[in-house]
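Trainee: Turn this into a model:
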Amino acid sequence: MPVIVRELARTRPAAPQAPRGFCKGETLSRLTLVELSALPRKPHGCPPEVERSWARLVATHKSVAGLFTTLNELRAAQDDMRGAVSETHRDQARAAIVFTAAGIDACLRTLLRDALPTLLSTAGDAHGAFVAHFMANRLAGEMTNATKKAVVDIDPRSALIDLYVQDLTGSSIQGGADLIRCRNALGLKSDPDLNDAILKGHQPFFNARHEVVHELDLIDPSGRGSRSRRLPHPGALIGQQRPDRLRQPLPAVRGARPHRLRLRR
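Mentor: Residues are numbered from 1 along each chain as shown. This next block holds a predicted model:
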């Protein structure tokens, strides 16, 4: 989801008697707009294993784009568009962070559940990662009750894949290390567009999500209490997350090209 940060100038019409050759408007202030550019078209020949993940990506994009639209409208309504960012504006930025993180969770969890049955049906990098994970974790030492139930399930293969997805994603994706595990599970370890450095580069975004969620835990629902940290201007915050280096792994099954995200000004 490319993020565009650009400036909007607010102008005031010049007086009717303005001398010929003068500009027709006077710039009063400039507003930094934060927007998401449109998603590319759905990958041609998108396999069914990617269909649901793509739908979740589209839904996430729509939700976050709507939050940025509201943020821009609130800022534009101020007398001084470049004035201090209010708590209401910061809440919009916080919501965008949380919605984006939730979308990443939903997209990856769905992609793993839908793609792994196909990827694990043949020998390859994905199957190797699956075996290595179970040998080093689930099957090492005393097996947990969940593992035992999966082994004797009427459909043990599906039950083990469900456990695998749970192990990979947990309650939510926590950072670059989790992204790397998901990449390896999908058999994409050798993909240069998803190397360790790129995926670890997203850790600042996840750190911001953790801080936002932690702040919510500290605030009294009655309105008392305060946040321990103030978000910087939304445009600066997004710039710090280096979205120019993000790549979405969702279409990366069966040769589809990953979607590159860029920051443009």
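
Trainee: Where do the strands of the stretch 1-150 of the chain begin and end?
Mentor: Under the criterion DSSP state E, counting those that start in this stretch, strands of the stretch 1-150 of the chain are mapped to 3-13, 25-36.

Trainee: and if you look at the stretch 151-265 of the chain?
Mentor: For the stretch 151-265 of the chain, the strands defined by DSSP E, counting those that start in this stretch cover 247-248, 259-260, 263-264.

Trainee: and these, which one is worst for confidence?
Mentor: Note on these: lowest mean pLDDT is at strand 263-264, with a mean of 32.

Trainee: got the contact list for Arg52?
Mentor: By CB atoms under 8 Å, 6 or more residues apart in numbering, the contact list for Arg52 reads Thr110, Asp114. Any C-beta I mention is one placed from the backbone N, CA and C, and that applies to glycine too.

Trainee: from memory Ala96 sits against Phe68, does it?
Mentor: Yes: using CB atoms under 8 Å, Ala96 is in contact with Phe68, at 6.4 Å.

Trainee: Of those two, give the one with the bigger neighbour count.
Mentor: A direct count of neighbours by other CB atoms under 10 Å for Ala96 and Phe68 places Ala96 higher, at 25 against 20.

Trainee: Just the pLDDT at the closest residue in space to that one that isn't next to it in sequence, thanks.
Mentor: Distances taken as CB to CB, 6 or more residues apart in numbering put Leu67 closest to Ala96, at 4.6 Å, once the chain neighbours are dropped. Here, the pLDDT recorded for Leu67 equals 91.

Trainee: quick one, helices of this structure?
Mentor: Listed in chain order, the helices of the chain (DSSP state H) span 48-76, 87-119, 125-133, 145-151, 156-169, 176-185, 196-200, 203-218, 234-240.

Trainee: quick check: angle from the second one to helix 48-76?
Mentor: Counting by axes from the mean of the first three to the mean of the last three CA atoms, to 10 degrees, helix 87-119 lies at 170 degrees to helix 48-76.

Trainee: Now helix 87-119: average pLDDT?
Mentor: Per-residue pLDDT over helix 87-119 has a mean of 92.

Trainee: ok, Ala185 - contacts?
Mentor: Going by CB under 8 Å, 6+ apart, the list of residues near Ala185 reads Leu112, Leu116, Ala126, Ala129, Phe130, His133, Tyr164, Leu168.

Trainee: Under the pLDDT cut-off, which ranges of the stretch 1-150 of the chain? List them.
Mentor: Applying pLDDT under 70 to the stretch 1-150 of the chain picks out residues 1-30, 79-85.
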